[in-house]
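In: This is the structure alone, sequence omitted:
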Ligand SMILES: [Zn+2]
């Protein structure tokens with residue numbers, strides 16, 4: 001599997017919809033390719049940020065959210081006081 005294919009499969013992979021065979025190839029590539037590991041990490045962070053930023057402001061941020069992530073979310077809310 002190439003880095004380009006990793007990018008194509010990334011969404012299915014993070015959604016848990018990737019069948020076992022390409023997933024195995026995906027995981028194998030990740031163990032060998034630090035660039036794609038970083039890419040996956042930043043992709044997952046983006047997805048998490050998008051999910052949490054949809055949380056209404058009067059709802060508390062989940063206690064399980066890491067401090068660093070919470071700060072990143074707050075910083076990514078333009079226009080919010
Ligand atoms: Zn790669």
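Out: Cool, the structure landed. Keep in mind that what you see is a predicted model, and the values were worked out from it rather than measured.
In: burial of residue 13, as a residue count?
Out: Residue 13: 19 surrounding residues under other C-beta atoms under 10 Å. Glycine gets a C-beta too; all of them are placed from N, C-alpha and C.
In: Helix or strand: which one has it?
Out: helix 3-14 (DSSP states H and E).
In: what phi and what psi does the backbone show at residue 30?
Out: Dihedral pair for residue 30: phi -60, psi -40, per degrees, to the nearest 10.
In: Residue 10 and residue 43 touch, don't they?
Out: Yes. Look at residue 10 against residue 43 with C-beta atoms under 8 Å: they come within range, at 5.7 Å.
In: on that earlier part again, residues of the helix holding residue 13 that come out buried?
Out: By neighbour count on 16 or more other C-beta atoms under 10 Å, the buried set for helix 3-14 is 6, 9, 10, 13.
In: any chance of these in TSV, plus distance to residue 71 and pLDDT?
Out: Below are those laid out as TSV (distance: C-beta to C-beta, whole Å; pLDDT from 0 to 100):
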residue	distance to residue 71	pLDDT
6	29	93
9	31	92
10	25	91
13	27	92
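In: any chance of the residues you listed in CSV, with distance to the ion too?
Out: As requested, these are exported to CSV (distance: C-beta to the ion, whole Å):
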residue, distance to the ion
6, 5
9, 11
10, 11
13, 13
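In: Next up, the contacts around the residue most central in space within the chain.
Out: The residue lying closest to the centre of the chain (C-alpha atoms, centre = their mean) is residue 44, at 0.6 Å. Counting by C-beta atoms under 8 Å, 6 or more residues apart in numbering, residue 44 makes contact with residue 14.
In: just for the protein, where's the confidence low?
Out: 57, 59-65, 79-81 (pLDDT under 70).
In: For it, which segments are assigned as helices?
Out: Along the chain, counting by DSSP state H, helices occupy 3-14, 20-32, 34-53, 67-75.
In: Next, format the buried residues of helix 3-14 as a markdown table and append distance to residue 75.
Out: A markdown table is the format used below for the buried residues of helix 3-14 (distance: C-beta to C-beta, whole Å):
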| residue | distance to residue 75 |
| --- | --- |
| 6 | 28 |
| 9 | 30 |
| 10 | 24 |
| 13 | 27 |
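In: With that, I have no additional questions.
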